[in-house]
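> what's the 3D shape of this:
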Amino acid sequence: MLMEEGYPTPVEVWCDPGDPLGDHAHPFEVYALILAGSIELIVEGEKSTYRSGDIFYLGAEQVHSEVYGKEGVRYLASRREVSNF
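Coordinates of the predicted model:
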């Protein structure tokens, strides 16, 4: 499904437990599948926690912050660059 929508092959991402990653945005859209651990995303003041088997989506330039679980988090992410036409 992702490849049909122009997303590339997912890459594996590891984030160690630790300090939160404050508000930031990316110049791409991303779908991610949590493989292990957990991540809490805060988008527009709303907190959502994702664990093994969950999928999350973030839009391009969507401001968010991240907090990694006590085991950190490992996930597959497919990032699609967005052009401004």
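> grab the longest strand from this structure for me.
Counting by DSSP state E, the longest strand found in the chain is strand 64-81.
> my read is that Thr49 contacts Ile34, right?
No: between Thr49 and Ile34 no contact is recorded; they are 9.8 Å apart, counting by CB atoms under 8 Å. Glycine gets a C-beta too; all of them are placed from N, C-alpha and C.
> hang on, the earlier thing: the longest strand of the chain pairs with which strands, parallel or anti?
Note on strand 64-81: by DSSP bridges, its sheet partners are strand 11-15 (antiparallel), strand 21-24 (antiparallel), strand 28-43 (antiparallel).
> among the ones you listed, which is the most enclosed?
With neighbours defined as mean count of other CB atoms under 10 Å, those peak in mean count at strand 28-43, which reaches a mean of 18.
> show me where pLDDT drops low in the protein?
84-85 (pLDDT under 70).
> next, name the residue at the spatial heart of it.
Nearest to the mean C-alpha position of the chain, by CA atoms, centre = their mean, lies Ala32 at 5.4 Å.
> wait, it sits on Ile55?
Yes: using CB under 8 Å, Ala32 makes contact with Ile55 at a distance of 6.7 Å.
> pull stretch 57-72 out as PDB, backbone CA atoms only.
Extracted C-alpha coordinates of stretch 57-72, given in PDB (Å, rounded to 0.1, in the frame of the first residue of the first chain):
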ATOM      1  CA  TYR A  57       1.200   8.900  10.800                       C
ATOM      2  CA  LEU A  58       2.600  12.400  10.900                       C
ATOM      3  CA  GLY A  59       2.000  15.000   8.100                       C
ATOM      4  CA  ALA A  60       4.800  17.100   6.600                       C
ATOM      5  CA  GLU A  61       5.600  20.100   8.700                       C
ATOM      6  CA  GLN A  62       3.300  18.900  11.500                       C
ATOM      7  CA  VAL A  63       4.700  20.200  14.700                       C
ATOM      8  CA  HIS A  64       5.000  17.500  17.300                       C
ATOM      9  CA  SER A  65       7.100  16.300  20.300                       C
ATOM     10  CA  GLU A  66       8.300  12.800  21.200                       C
ATOM     11  CA  VAL A  67       8.900  11.000  24.500                       C
ATOM     12  CA  TYR A  68      10.400   7.500  24.300                       C
ATOM     13  CA  GLY A  69       9.400   4.700  26.700                       C
ATOM     14  CA  LYS A  70      11.600   3.300  29.400                       C
ATOM     15  CA  GLU A  71      12.900   0.700  26.900                       C
ATOM     16  CA  GLY A  72      13.200   3.300  24.100                       C
END
